[in-house]
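Chemist: 3D, please:
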Amino acid sequence: MVNKRELTEDGLEKNFATNTLGVYVLTTALIPVLEKEHDPRVITVSSGGMLVQKLNTDDLQSERTAFDGTMVYAQNKRQQVVLTERWARAHPAIHFSCMHPGWVDTPGVRSSMPGFHARLGARLRSEAQGADTVLWLALAPTAAVQPSGRFFQGDFLAGCEGAPDPPPRAARVGEGLFPFPVIEPGLPWQGGSFARRGAL
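Modeler: All right, here's what the predicted structure looks like:
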């Protein structure tokens, strides 16, 4: 989370470049390989912060409104959830999910949201507890039979060591989708947009 508007060397707003476009490029590049594997899963670590934002397709680079790093990050995390739903529909051979690890006491939370960290203090989850949901989604047989494309809230396990498969706590986030190009692996950044072929 970058708390002031900064651009990458390619002229992209840094939060969007990292949290949305980076996730999109990596996942899209891996889909052809994943479709050939047994039990392929893609898990995107989103954030419950996305629940405070509706998808805004008109200002993806945060150019038109006053910049608030926390809200831009929340918008990016909403974009990840919407992309996950789209991928799940387009690629049924792969199991897609995204998740919120719960509010975890991490260096990122301490540095990016010091006020939030100070208010919640001891109520934050440990880093180990924050890993329970993503590990369940990656490894549990019962996770793979959940509908693809769901958003899972963290903190549904009492702990992360030896816990049984939890009853899933999932939600569908039905929002309109924003257009992204299909980015071919290895294509360079060209004049303000990636070289593209087709559409997601």
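Chemist: Next, Thr44: secondary structure please.
Modeler: Classification of Thr44 using DSSP: H, G, I helix; E, B strand; the rest coil returns strand.
Chemist: Now it: closest residue in space, sequence neighbours ignored.
Modeler: Nearest residue to Thr44, sequence neighbours excluded (C-beta to C-beta, 6 or more residues apart in numbering): Cys98, at 4.1 Å. C-beta here means a position set from N, CA and C on the backbone, and glycine is covered the same way.
Chemist: what's around Leu26, how many residues?
Modeler: Using other C-beta atoms under 10 Å, Leu26 is surrounded by 13 other residues.
Chemist: what's the pLDDT at it?
Modeler: Leu26 is assigned 96 on the pLDDT scale.
Chemist: Kindly state the beta-bridge partners for the residue nearest to Thr44.
Modeler: Note on Cys98: beta-bridge partners by DSSP bridges are Thr44, Phe151.
Chemist: tell me the contacts of it?
Modeler: Listed by C-beta atoms under 8 Å, 6 or more residues apart in numbering, the contact partners of Cys98 are 43-46, 80-81, 84, 150-152.
Chemist: Tell me the one among those nearest to Thr70.
Modeler: Taking C-beta to C-beta as the measure, Ser46 is the one of the contacts of Cys98 closest to Thr70, at 14.7 Å.
Chemist: what residue is smack in the middle of the chain?
Modeler: Of all residues in the chain, the one closest to the mean position by C-alpha atoms, centre = their mean is Ser46, 3.4 Å from it.
Chemist: my guess is it contacts Pro101, does it?
Modeler: No - using C-beta atoms under 8 Å, Ser46 is not in contact with Pro101; the gap is 9.1 Å.
Chemist: Do a quick rundown of the strands in the chain.
Modeler: 41-45, 95-99, 150-152, 170-171, 181-183, 189-190, 193-194, 196-199 (DSSP state E).
Chemist: what sits against the residue nearest to the centre of the chain?
Modeler: 77, 80-81, 84, 98-100, 151.
Chemist: And the furthest pair within those?
Modeler: Thr84 and His100 (12.3 Å).
Chemist: Mind listing the shared neighbours of these two?
Modeler: Jointly contacting Thr84 and His100 under the rule C-beta under 8 Å, 6+ apart are 46, 151.
Chemist: Next, count neighbours for Glu13.
Modeler: Glu13 has 22 neighbouring residues, counting by other C-beta under 10 Å.
Chemist: returning to what we had before: let's see the pLDDT reported for the residue nearest to Thr44.
Modeler: Note on Cys98: pLDDT of 91.
Chemist: max-length helix in this structure?
Modeler: In the chain, assigned by DSSP state H, the helix with the most residues is helix 69-90.
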